[in-house]
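Visitor: Have a look; sequence and predicted model below, questions after that.
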Amino acid sequence: MTNNIILDNGGTNQLTIYTTFVEELMSNALSKLILPTGTANSGSGPKDTKIINLLKILKLFTIDGKIASADRTKLRNLFDTGKMFTLVYDSTNYTVVIEKLSIKEEPEDAGSSSPEYYVIKVNCVIGVSI
């Protein structure tokens, strides 16, 4: 079961994402040195790759879910301002900014003139503002 996520916890644009999928992605930009083996030493095989770990780590969330139609403006505001805000997931607070946002209209009732919810996909980068 996936936990719901609260965006902008305690802020003016606070909203809940009713999640269907949450992925925590972590990436470490390693530098790799692949040294050649000269023909005179080819019998000893290739040299080991040298790894330089500068801890250039990127952490982000990819979230799929639904939001109430009344919260669409709040979600757009969070994206448009580009400011950092608090995301609450699994009882933990993260400081994030939205990197990518998709909002799709998929009304539950085909005869309804306005949807009850919007299907969203959002990528949030975890970090601190400088």
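Guide: On my side now, so go ahead. Numbering: from 1, shown residues only.

Visitor: Let me know the secondary structure of the residue of the chain positioned farthest from its centre.
Guide: The centre of the chain is farthest from one residue, Ala40, which by Cα atoms, centre = their mean lies 49.2 Å away. Look at Ala40: counting by DSSP: H, G, I helix; E, B strand; the rest coil, its state is helix.

Visitor: does Thr20 belong to a helix or a strand, and which?
Guide: strand 15-28 (DSSP states H and E).

Visitor: who's in contact with that strand?
Guide: By Cβ atoms under 8 Å, 6 or more residues apart in numbering, the residues outside strand 15-28 that reach it are 2-8, 53, 55-68, 71, 74-75, 89, 117, 120, 122. In this view, the C-beta of every residue, glycine as well, is placed from N, C-alpha and C.

Visitor: List buried residues within those residues.
Guide: Buried members of these, scored by 16 or more other Cβ atoms under 10 Å, are 5-8, 60-61, 63-67, 71, 74-75, 89, 117, 120, 122.

Visitor: In helices, which of those residues fall?
Guide: Lys74, Leu75 (DSSP state H).

Visitor: partners of the strand holding Thr20, with directions?
Guide: Next to strand 15-28 in the sheet, as set by DSSP bridges, lie strand 5-7 (antiparallel), strand 57-68 (antiparallel).

Visitor: want to throw those strands into CSV with mean pLDDT and distance to Asn93?
Guide: Below are the strands paired with strand 15-28 laid out as CSV (pLDDT from 0 to 100; distance: least, Cβ to Cβ, whole Å):
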stretch, mean pLDDT, distance to Asn93
strand 5-7, 96, 9
strand 57-68, 96, 13
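
Visitor: Show me the residue at the heart of this protein, geometrically.
Guide: Centroid-nearest residue in the chain, with Cα atoms, centre = their mean: Phe61, separated by 2.6 Å.
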